[in-house]
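Novice: Predicted coordinates and the sequence they were generated for:
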Amino acid sequence: MCDFLISIGARAAGPDLLKLLKRLYIPNPPQGRYFDFDWGSMAVLDGIGHNRNNHLVLGSSVIAWLGDLVTTPTAIGSLAFKMQTILRSPSSRQFDLYADSDFQKLNGAFAIVFLDNSGLAAITDPLALTQVFAGYDKFHNITALGSHSDLTAAVADDTYSIDMVSVAEFLNRGTACFPYTMHQNVRKLCPGSAYCVRISHGGISIESLQYWKPPEENTAASVSDLTQEFVTCFKAAVEDRCGNSKTGITLSGGLDSRLVLATMPPQSPCVAFTFCDKLNREARTAYRVAKAYQRPWLPLYRDKEYLARTVVQNVRFASCECDWIHGHAVGLSDSILRHGVDTVLSGYLMDTFFRGYFAADIEVKQRFFGLLDPVCVSKPYDWANRSSNFADQFINPELLEQAFVRRRSYYQTHTNSQRGSIVEWLDTYPFSQRPEIGTWATERRTLPLRIVAMDRRLLDFSFACPAQLRASGKIFSLAAAQLFGPGAYIPNANNGTRPASSRLGMLIDRKLRRMCDRVEGLVCLLGFGQCIQHSWHDYQQIWHESDMMKKLVIEYKPHLSQFEGLLFDEKLSPLHNPESLDWRNGFRLLALGIWKSALSEYRMELAMSQLPKPKDIKTAGPITNTTRPQQDSSSTKQTAIISDT
């Protein structure tokens with residue numbers, strides 16, 4: 001739990017913002033604080049676990065952060081002083097943040113805001129994984145900043161409109177092209193940057209300074225040197241993120257989370273959790289892994305309506321900026337926290353950064369039946385113009401073409417031809433290009449989640465390591481061989497291979513797994529139901545058979561009526577027979593209906609909080625550090641000067 005919301009101007013005061021933030025977490029909202037300044041207000045919700053104390057008041061200034069920020073109180077105080085110096089200077093151009101010691105220490109997946117009476121600053125993490133959104137009014141003046149796009153849109157302006165192109169793109173691909181959101185008046189901030197917003201009687205000026213950019217690929221480095229660098233950085237990243245009391249690890253049957261558990265310092269208490277519907281192959285594998293490292297293990301069982309019970313909260317957290325189905329732990333966070341953990345680690349993003357999972361333009365070809373090292377070859381891949389059968393059949397062709405125009409424009413301006421994988425580069429930097437960001441967008445709000453793969457040392461390694469070496473799995477395999485220890489002899493639940501096996505042994509392992517899968521398939525054909533053998537759900541079955549999901553479709557379907565004729569052809573609308581849809585398309589339509597309902601709720605909450613109150617009634621709230629004077633409408637007119645450096 002942790003979000004912030006900032007209003008520039010007189011649209012919303014601190015108490016209004018705090019109420020709106022809490023609305024996101026209904027029915028169990030966390031506590032929070034608000035601060036009023038001469039130019040506007042900010043509210044921030046309390047964190048959990050390692051991030052519980054997530055703001056610091058320094059005289060008339062406030063610095064607040066959310067996400068996974070690896071730092072010390074001393075470093076935060078030093079950063080606050082640096083941001084105050086930058087804000088109070090006439091221009092930011094004199095500051096070189098690449099060489100600045102305070103910015104070099106920033107590490108993790110975080111968002112930071114600094115505020116005083118001269119203005120505010122927002123700092124994004126290197127990949128903008130923890131997203132920060134800027135909202136604008138109808139005159140294109142910046143009027144809001146926030147960590148949630150829907151709340152930022154509600155505060156930014158009285159008038160409001162949905163970005164229909166982004167809606168079409170969400171239904172087609174699960175997320176909108178950077179920097180667009182589902183709202184016409186909201187945009188995402190760029191990664192690895194500090195945005196300085198200076199506010200005075202003369203108006204508003206905005207400057208952005210970049211403090212981090214991905215290093216170029218180091219094709220001259222040897223495999224042994226790269227392997228050792230990965231081992232050293234990974235150990236340090238895990239150690240820096242261990243909890244003060246106890247660390248929880250979401251352990252699957254694969255290799256990524258296994259590597260995290262294997263690298264845990266022996267003196268650090270931890271407990272492993274595995275999500276499952278039944279005690280399937282993945283859960284049994286996870287149990288064996290935890291036992292090998294002599295760590296306690298607990299299965300977290302999900303009932304058959306688990307997905308339907310969590311969909312509304314998942315969509316409220318993720319909005320329609322990504323696919324909500326990636327929020328696996330939202331309904332199980334209480335079960336994890338009751339075991340006394342103050343930090344939760346996972347293998348999230350490790351396949352992305354260290355095994356080339358997004359490198360769709362690299363094909364890995366096996367040689368001599370997999371007994372020799374594979375070779376990687378480039379292949380054509382259309383990043384900008386991909387459309388699903390659902391989009392081709394139902395979505396307005398003009399909206400779909402506008403979405404492609406946006407992607408083509410992004411492709412032309414952001415492509416780095418020097419990269420081994422252009423697709424991986426475009427999907428990863430910034431990371432909000434991918435619907436998988438839903439894992440972080442949802443789970444960080446209910447768990448004290450920390451992401452080992454987002455360690456700055458590992459990010460530098462990932463971008464510098466040639467894409468072909470990562471896509472082939474060579475570097476990861478060599479590094480894991482040094483780190484796995486006893487876990488190297490336990491099969492991977494995904495393909496049956498044991499990390500310690502020779503190439504011939506892995507080939508045999510894969511053949512045996514395929515035979516087992518065929519037998520299980522025959523058993524199912526004979527009418528004997530089998531549980532799925534991995535941690536994901538049988539989504540298609542849930543979409544067609546869940547009674548609770550069907551009720552949700554009926555409940556939220558009316559909220560989609562306005563899209564007929566604009567997004568869909570009225571005669572061919574998928575809403576006429578949603579049960580016949582593929583699960584992914586059905587889930588996205590349901591998310592769209594829940595999202596549309598939530599938008600109305602947020603705007604109503606803000607409108608109600610701004611109603612005149614009787615003078616003799618005092619509203620209780622936290623002590624604010626400054627008091628903002630009343631402003632008339634003429635004093636809120638602003639001129640935004642955008643300067644990107």
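Specialist: Looks like it came in fine.
Novice: Is it correct that residue 108 is in contact with residue 456?
Specialist: Yes. Using Cβ atoms under 8 Å, residue 108 is in contact with residue 456, at 7.5 Å. Heads up, the C-betas are built off the backbone N, CA and C, glycines and all.
Novice: Looking at these two, which is more packed in?
Specialist: residue 108 (24 against 19; other Cβ atoms under 10 Å).
Novice: give the contact list for that one.
Specialist: The neighbourhood of residue 108, defined by Cβ atoms under 8 Å, 6 or more residues apart in numbering, consists of 67-71, 125, 450-451, 454-456.
Novice: and if we set it to 7 Å?
Specialist: If you count contacts by Cβ atoms under 7 Å, 6 or more residues apart in numbering, residue 108 has them with 67-70, 125, 454.
Novice: now those in a markdown table, with secondary structure and pLDDT?
Specialist: Listed next are the contacts of residue 108 as a markdown table, based on DSSP: H, G, I helix; E, B strand; the rest coil; pLDDT from 0 to 100:
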| residue | secondary structure | pLDDT |
| --- | --- | --- |
| 67 | strand | 94 |
| 68 | strand | 95 |
| 69 | strand | 95 |
| 70 | coil | 94 |
| 125 | coil | 98 |
| 454 | helix | 97 |
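Novice: want to throw those residues into CSV with neighbour count?
Specialist: Putting those into CSV (neighbours: other Cβ atoms under 10 Å) gives the following:
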residue, neighbour count
67, 24
68, 26
69, 23
70, 19
125, 29
454, 27
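Novice: rounded to a whole number, what's the mean pLDDT of the helix with the most length in the chain?
Specialist: Scanning the chain for the longest helix, with DSSP state H as the assignment, gives helix 583-609. Within the predicted structure, the mean pLDDT of helix 583-609 is 92.
Novice: Also stretch 153-161?
Specialist: Regarding stretch 153-161, the rounded mean pLDDT is 89.
Novice: Double-check residue 314 against residue 322; I have them as touching.
Specialist: No. Residue 314 is beyond contact range of residue 322, at 10.2 Å (criterion: Cβ atoms under 7 Å).
Novice: where does the residue lying closest to residue 605 once chain neighbours are set aside land on pLDDT?
Specialist: Excluding the flanking residues, the one nearest residue 605 by Cβ to Cβ, 6 or more residues apart in numbering is residue 23, at 5.0 Å. On the pLDDT scale, residue 23 is placed at 94.
Novice: again with residue 638
Specialist: According to the prediction, residue 638 has pLDDT 31.
Novice: Please apply the same query to residue 630.
Specialist: We note a pLDDT of 32 for residue 630 in this prediction.
Novice: and what of residue 502?
Specialist: According to the prediction, residue 502 has pLDDT 85.
Novice: What of residue 124?
Specialist: Reading off the confidence values, residue 124 has pLDDT 98.
Novice: Pretty sure it sits against residue 194.
Specialist: No. Residue 124 is beyond contact range of residue 194, at 8.0 Å (criterion: Cβ under 7 Å).
Novice: overlap in contacts of the two?
Specialist: By Cβ under 7 Å, 6+ apart, residue 124 and residue 194 have no common neighbours.
Novice: Hmm, residue 152 is touching residue 135, no?
Specialist: Yes. With contact defined as Cβ under 7 Å, residue 152 reaches residue 135; the gap is 4.3 Å.
Novice: and for those two, which residues touch both?
Specialist: Taking Cβ under 7 Å, 6+ apart as the contact rule, residue 152 and residue 135 both touch 144, 186.
Novice: Give me the neighbour count for residue 577.
Specialist: 8.
Novice: so how far is residue 112 from it?
Specialist: Distance from residue 577 to residue 112, counting by Cβ to Cβ, to the nearest Å: 47 Å.
Novice: for residue 480, same thing?
Specialist: Counting by Cβ to Cβ, the separation of residue 480 from residue 112 is 33 Å.
Novice: hey, where'd the strands end up in the stretch 101-250 of the chain?
Specialist: 108-116, 119-124, 133-136, 142-146, 186-188, 193-200, 203-210, 247-250 (DSSP state E, counting those that start in this stretch).
Novice: Run the chain-centre distance for the first one.
Specialist: Averaging C-alpha positions (Cα atoms, centre = their mean, to the nearest Å) puts strand 108-116 16 Å from its chain's average.
Novice: Give me the buried positions along it.
Specialist: When burial is assessed from 16 or more other Cβ atoms under 10 Å, strand 108-116 yields the following buried residues: 108-116.
Novice: Could you do stretch 365-384 as well?
Specialist: For stretch 365-384, a neighbour-count test (16+ other Cβ under 10 Å) marks 374, 376, 383-384 as buried.
Novice: Equivalent analysis for stretch 265-278, please.
Specialist: 270-277.
Novice: Let me see the contact set for residue 398.
Specialist: By Cβ under 7 Å, 6+ apart, residue 398 lies in contact with nothing.
Novice: Does it fall in a helix, a strand, or a coil region?
Specialist: Counting by DSSP: H, G, I helix; E, B strand; the rest coil, the backbone at residue 398 sits in helix.
Novice: Is it possible to get TSV of the buried residues of stretch 265-278 that adds distance to residue 8, pLDDT and secondary structure?
Specialist: Output for those, formatted as TSV (distance: Cβ to Cβ, whole Å; pLDDT from 0 to 100; DSSP: H, G, I helix; E, B strand; the rest coil):
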residue	distance to residue 8	pLDDT	secondary structure
270	43	96	strand
271	44	97	strand
272	45	98	strand
273	41	97	strand
274	45	96	strand
275	41	94	strand
276	47	91	strand
277	47	89	coil
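Novice: what's the closest of the residues you listed to residue 143?
Specialist: Minimum distance to residue 143 across these is 40.5 Å, recorded for residue 275 (Cβ to Cβ).
Novice: Spit out the contact partners of that closest one.
Specialist: Contact analysis of residue 275 by Cβ under 7 Å, 6+ apart lists 300, 302, 328, 332, 535.
Novice: Before I go, just wanted to say thanks for your time.
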